[in-house]
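Chemist: Could you work out the structure for the sequence below:
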Amino acid sequence: MESGFHGRTIGSLSVTGNPKLRDDFPDNLANLTDFVPLGDFDTLEAMMSEDVAAIILEPITSVGGVRIASRKYYDSLRELCLGYGTALIFDEVQTGFGRTGEMFAGMHWGVEPDICTSAKGSAGGFPLGLVILSEAISSAPAPGEHGCTFGGGPLAMAALKANLEIIKEQNLVANAAAMELVVRDELGRIPEVKAVTGKGLLLGIELECPAKPIIRNLLEQKIIVGGCDRPGMIRLLPPLTVQPEHIKQFAEALVKALATAAQGVGA
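Modeler: Numbers count the residues shown, from 1 in each chain. Down below sits the predicted model:
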């Protein structure tokens, strides 16, 4: 997808939409990749053939501007891939493990990909990346055709197991869904907030002013938020344990940051 981001190694850069990132490594494989806008099913369908190996997307973009398509789009993607024998790949590195109010974002639409990648939220901060495969995909490689030096490391697997138990015991997936409503309610009272996009605790806050000064001011207030490809948007990815009082604190800090930025423009 044109707004997609999949990492900074040669393979993942080759399917990352932002040309500014790819151009720093011109020997990538982007010549084998076509890019389309997220949510534009007609354009995607017109480009399809049996030569298309895979469609890869973040079901909800993050760095690309917290974009989300319609339910019909995700359903149609699944059917399109089945019709052409094409693998559907969901990059759930940022959306996985409860971040969006479901364990994986594809579950919002009942869409199961052939391949799902994840990492960030999987082991509570311990470095771990994982690939979840459908039965058809997992049975394709013969023994010895794929290997990994640190694959299945016991410490990483223990961290993953413990993290999954905590997510379940503390109902953190449900908390992410509930706190989305609190964020929307609190920020909906701020006139300078034009829209809130995303799901769960992967949210984009679209502002009426440039985001960079706001991000800097919030950092001075000891609140970390992210930027993205949309210059008027900040990204929220708070801990899944966040509570209403923390969101209210953030809203107050955002009002202060917006007022400070407005005074700077006036001066």
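Chemist: quick one, helices of the stretch 101-250 of the chain?
Modeler: With DSSP state H, counting those that start in this stretch, the ranges of helices along the stretch 101-250 of the chain come out as 135-138, 154-169, 172-187, 211-220, 244-266.
Chemist: okay if I get those as a markdown table plus mean neighbour count, mean pLDDT and distance to Leu57?
Modeler: C-beta coordinates here come from the backbone N, C-alpha and C atoms, glycine included. As requested, the helices of the stretch 101-250 of the chain are exported to a markdown table (neighbours: other CB atoms under 10 Å; pLDDT from 0 to 100; distance: least, CB to CB, whole Å):
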| stretch | mean neighbour count | mean pLDDT | distance to Leu57 |
| --- | --- | --- | --- |
| helix 135-138 | 11 | 89 | 17 |
| helix 154-169 | 14 | 97 | 24 |
| helix 172-187 | 19 | 98 | 21 |
| helix 211-220 | 16 | 97 | 24 |
| helix 244-266 | 15 | 91 | 29 |
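Chemist: Turn those into a markdown table, columns for distance to Phe41.
Modeler: Listed next are those as a markdown table, based on distance: least, CB to CB, whole Å:
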| stretch | distance to Phe41 |
| --- | --- |
| helix 135-138 | 23 |
| helix 154-169 | 33 |
| helix 172-187 | 26 |
| helix 211-220 | 30 |
| helix 244-266 | 35 |
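Chemist: Nearest to Pro59, out of the ones you listed?
Modeler: Closest to Pro59 of those, according to CB to CB: helix 172-187, at 15.0 Å.
Chemist: What is that closest one packed up against?
Modeler: strand 193-199, strand 202-207, helix 244-266 (3 or more CB pairs under 8 Å, 6 or more residues apart in numbering; DSSP states H and E).
Chemist: got the angle between the last one and strand 202-207?
Modeler: Between helix 244-266 and strand 202-207, the angle comes out at 30 degrees (axes from the mean of the first three to the mean of the last three CA atoms, to 10 degrees).
Chemist: what is the orientation angle of helix 244-266 with helix 211-220?
Modeler: Between the axis of helix 244-266 and that of helix 211-220 there is an angle of 130 degrees, by the same axes, to 10 degrees.
Chemist: got the CA coordinates for helix 244-266 in CSV?
Modeler: Only the C-alpha atoms of helix 244-266 are listed here, as CSV (Å, rounded to 0.1, in the frame of the first residue of the first chain):
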residue,chain,number,x,y,z
PRO,A,244,-9.3,7.2,32.2
GLU,A,245,-7.3,9.4,34.6
HIS,A,246,-4.3,9.0,32.4
ILE,A,247,-6.3,10.0,29.3
LYS,A,248,-7.7,13.0,31.1
GLN,A,249,-4.1,14.0,32.0
PHE,A,250,-3.1,13.7,28.4
ALA,A,251,-6.1,15.8,27.2
GLU,A,252,-5.2,18.5,29.6
ALA,A,253,-1.6,18.5,28.4
LEU,A,254,-2.8,18.6,24.8
VAL,A,255,-4.9,21.7,25.5
LYS,A,256,-1.8,23.3,27.1
ALA,A,257,0.4,22.4,24.1
LEU,A,258,-2.2,23.8,21.6
ALA,A,259,-2.4,27.0,23.6
THR,A,260,1.4,27.4,23.6
ALA,A,261,1.6,26.8,19.9
ALA,A,262,-1.1,29.3,19.2
GLN,A,263,0.7,31.9,21.3
GLY,A,264,3.9,31.2,19.3
VAL,A,265,2.0,31.8,16.0
GLY,A,266,0.6,35.0,17.3
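Chemist: Counting neighbours, what do you get for Val111?
Modeler: Counted with other CB atoms under 10 Å, residues neighbouring Val111 total 20.
Chemist: and the gap between Gln170 and Leu29?
Modeler: 41 Å (CB to CB, to the nearest Å).
Chemist: and what of Asp91?
Modeler: To Leu29, Asp91 is 16 Å away according to CB to CB.
Chemist: Leu201 too?
Modeler: Leu201 is 33 Å from Leu29, by CB to CB.
Chemist: okay, the two: which has more neighbours?
Modeler: Higher neighbour count among Leu201 and Leu29: Leu201, with 25 against 12, using other CB under 10 Å.
Chemist: so Ala257 sits right up against Asn217, yeah?
Modeler: Yes: at 3.8 Å, Ala257 counts as touching Asn217 under the criterion of CB atoms under 8 Å.
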